[in-house]
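Chemist: Build me a model from this:
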Amino acid sequence: MQGHLSYDPQQLAADIKAWGKALGFQHIGITDTDLSTAEPRYREWLEQGFHGAMDYMAKHGSKRTRPGELVPGTVRVISVRMDYRPPEARDSWEVMENADQAFISRYALGRDYHKVLRTRLQQLCDHIASEIGEFGYRAFTDSAPVLEVQLAEKAGLGWRGKHTLLLSREAGSWFFLGEIYTDLPLPVDTPGKNHCGTCQACIDICPTKAIVAPYSVDARRCISYLTIELKESIPEELRPLIGNRVYGCDDCQLVCPWNRFAQLTGEADFQVRHGLDDVTLVELFGWEEEDFRTKMAGSAIYRIGHEQWLRNIAVGLGNAPTTPEVIAALQKRADHPSPLIREHVAWALARHGVIG
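Modeler: Next up is the predicted model:
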């Protein structure tokens, strides 16, 4: 990392927080790089196999728990929060209770957050450099081996809830996190305190019982993992539990009492696109690859690809009420070139009593 001009660390930390808020971040905190208390827990989680097919969670070794190994010279992490809850989205419970409809996790209704946050983080770094000269940094948004929740907790943005997401007393959990690893020895903030108490609403609501203990999620059972991270066949015993959730799952957030305080986003990029908050499974299942590419361009959903998208919706259709429209939609894809899609379509048709 490069040298930088002299500056007042206290003043610069205050300035960074002000510049960050001007760029659309709702909270900015600063922490050191000591994750020694998180490291053994993370190792244990990996040893239990809870990461499933997410090999990248293990392959980076200790870089995830030791920021200075990932980016040499790092002494501080600037952690940021950006709220994403779209103001106009249809009520989530209403969508999930209507089994003909497709539920998409609220974070994915707008543009891809990776691009939005990365751009703003770069702008923040550029602003810092314009004030103090060149300095060492790397910005991340859910894109590298970073323990972002634990770092955000240490930076005072909130605490790690029993569902393992970050919770804030002022904002619940409907927000994205981003980080800047830097060589600037800035003053650190007070870590967040846990306010979950005896509540276990998130544990009780989980459709697949993926929260196997407070603060521990077995990703192999998590609907977000099954619909986004898992590229192969969804385990048959879990398919009925997925319901109509075709991309992600928000149940643990929806029941969290702290989300009474969640803020609506003012970001145009996080507004609902293409009516994805209120759309039927049959309509989405009718999208050809070109439709998917066009409509999902610039969306986080684009990353899973059309094949996985159809796989997920086939499961949703298998869980939907039996209607001529549902059966016709499935039969249209019964001979799809993809074995993955054919398998899930055959399962869905069998659920409606249609064999072969």
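
Chemist: so how many other residues sit close to Glu237?
Modeler: 8 (other Cβ atoms under 10 Å). No exception for glycine: its C-beta is placed from N, CA and C like everyone else's.

Chemist: and what of the one 10 residues further on?
Modeler: By other Cβ under 10 Å, 26 other residues sit near Tyr247.

Chemist: what do you get for the one 3 residues further on?
Modeler: Residue neighbour count, defined by other Cβ under 10 Å, stands at 22 for Asp250.

Chemist: could you check the distance from the residue nearest to it when sequence neighbours are not counted over to Tyr247?
Modeler: Nearest residue to Asp250, sequence neighbours excluded (Cβ to Cβ, 6 or more residues apart in numbering): Ser105, at 5.4 Å. Counting by Cβ to Cβ, to the nearest Å, the gap from Ser105 to Tyr247 is 6 Å.

Chemist: and the residue nearest to Asp250, what does it touch?
Modeler: Ser224, Arg245, Tyr247, Gly248, Cys249, Asp250 (Cβ atoms under 8 Å, 6 or more residues apart in numbering).

Chemist: swap the cut-off to 7 Å and go again
Modeler: Going by Cβ atoms under 7 Å, 6 or more residues apart in numbering, Ser105 touches Ser224, Tyr247, Gly248, Cys249, Asp250.

Chemist: With Pro145 instead?
Modeler: By Cβ under 7 Å, 6+ apart, the neighbours of Pro145 are His60, Lys63, Arg64, Leu70.

Chemist: cool, and Tyr225?
Modeler: Gly52, Ala219.

Chemist: mind checking the SS state of it?
Modeler: At Tyr225 the chain is in helix, as set by DSSP: H, G, I helix; E, B strand; the rest coil.

Chemist: can you list the domain ranges for the protein.
Modeler: Using automatic domain parsing, the domain ranges for the chain come out as 9-88+111-182, 201-262+272-351.

Chemist: how much distance is there from the first one to the middle of the chain?
Modeler: Meaning domain 9-88+111-182. 13 Å (Cα atoms, centre = their mean, to the nearest Å).

Chemist: Just the terminal-to-terminal distance for it.
Modeler: 13 Å (Cα to Cα, to the nearest Å).

Chemist: tell me the average confidence for that domain?
Modeler: Taken as a whole, domain 9-88+111-182 has an average pLDDT of 95.

Chemist: quick thing: my sequence starts at 527, can you match it?
Modeler: I'll keep to 527 as the first residue from here, and by that count the last item is domain 535-614+637-708.

Chemist: any idea how far the residue nearest to Asp776 lies from Ser694?
Modeler: Distance from Ser631 to Ser694, by Cβ to Cβ: 19 Å.

Chemist: again with Ser750
Modeler: 20 Å.

Chemist: So for the two, which sits in the more crowded spot?
Modeler: When Ser750 and Ser694 are compared for neighbours, Ser694 comes out ahead with 26 against 19, by other Cβ under 10 Å.

Chemist: which residues does the more buried one contact?
Modeler: Applying Cβ under 7 Å, 6+ apart, the residues contacting Ser694 are Leu683, Gly684.

Chemist: partner residues bridging it?
Modeler: Gly698 (DSSP bridges).

Chemist: Let me know how buried Glu674 is, in neighbour terms.
Modeler: 21.

Chemist: doesn't Leu703 make contact with it?
Modeler: Yes: in this structure, Glu674 is within contact of Leu703 by Cβ atoms under 7 Å, at 4.7 Å.

Chemist: Need the per-residue pLDDT for the residue nearest to Asp776.
Modeler: 98.

Chemist: Please report the distance of it from Asn770.
Modeler: 12 Å.

Chemist: Any chance of the contacts of Ser631 in a markdown table with secondary structure as columns?
Modeler: Output for these, formatted as a markdown table (three-state DSSP):
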| residue | secondary structure |
| --- | --- |
| Ser750 | helix |
| Tyr773 | strand |
| Gly774 | coil |
| Cys775 | coil |
| Asp776 | coil |
